[in-house]
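Engineer: prediction below, plus the sequence it came from.
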Amino acid sequence: MLRNLLALRQIAKRTISTASRRQFDNKVPEKQKLFQEDNGIPVPLKGGIADALLYRATMILTVGGTACAMYELAVASFPKKQD
């Protein structure tokens, strides 16, 4: 019983620690240079291909949704004929 309690105490010490296990490179200065560069590209597209694809998908969904909403409003604005 005491052995189990000591083992649990040891495990708790290991899992709750403030030391980081892995060091990561600070990429913020690189990203700042990329986004502050004056090259005529809009900020939403400066991140590369993934940003361009997300931007285009967002624009397609926005325009398509607006067109669908306008169509539904036009259909709803005219009453249906009753026979």
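Structural biologist: Received it, and whenever you're ready, just let me know what you need.
Engineer: give the contact list for the residue nearest the centre of the chain.
Structural biologist: In the chain, the centroid-proximal residue (Cα atoms, centre = their mean) is L54; its distance is 9.8 Å. Listed by Cβ atoms under 8 Å, 6 or more residues apart in numbering, the contact set of L54 is empty. For the C-beta atoms, the positions are set from N, CA and C on the backbone; glycine is no exception.
Engineer: what helix or strand is it located in?
Structural biologist: For L54, the element it lies in under DSSP states H and E is helix 49-77.
Engineer: what strand or helix carries L6?
Structural biologist: helix 2-15.
Engineer: after that helix, next one along is what?
Structural biologist: helix 28-36.
Engineer: buried set for that next one?
Structural biologist: Going by neighbour count (16 or more other Cβ atoms under 10 Å), nothing in helix 28-36 comes out as buried.
Engineer: what mean pLDDT does that helix get?
Structural biologist: The pLDDT scores in helix 28-36 average 89.
Engineer: swap in stretch 53-71?
Structural biologist: On average, stretch 53-71 scores 97.
Engineer: only alpha carbons, please: show it as CSV.
Structural biologist: Below are the C-alpha coordinates for stretch 53-71, written out as CSV (Å, rounded to 0.1, in the frame of the first residue of the first chain):
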residue,chain,number,x,y,z
LEU,A,53,-7.3,28.8,-51.2
LEU,A,54,-9.1,29.7,-48.0
TYR,A,55,-9.6,33.2,-49.3
ARG,A,56,-11.1,32.0,-52.6
ALA,A,57,-13.3,29.4,-50.8
THR,A,58,-14.6,32.1,-48.5
MET,A,59,-15.3,34.4,-51.4
ILE,A,60,-17.1,31.6,-53.4
LEU,A,61,-19.2,30.7,-50.3
THR,A,62,-20.0,34.4,-49.7
VAL,A,63,-21.1,35.2,-53.3
GLY,A,64,-23.0,31.9,-53.6
GLY,A,65,-24.8,32.4,-50.3
THR,A,66,-25.7,35.9,-51.2
ALA,A,67,-27.0,34.8,-54.6
CYS,A,68,-29.0,32.0,-53.0
ALA,A,69,-30.5,34.4,-50.4
MET,A,70,-31.5,36.8,-53.1
TYR,A,71,-33.1,34.1,-55.2
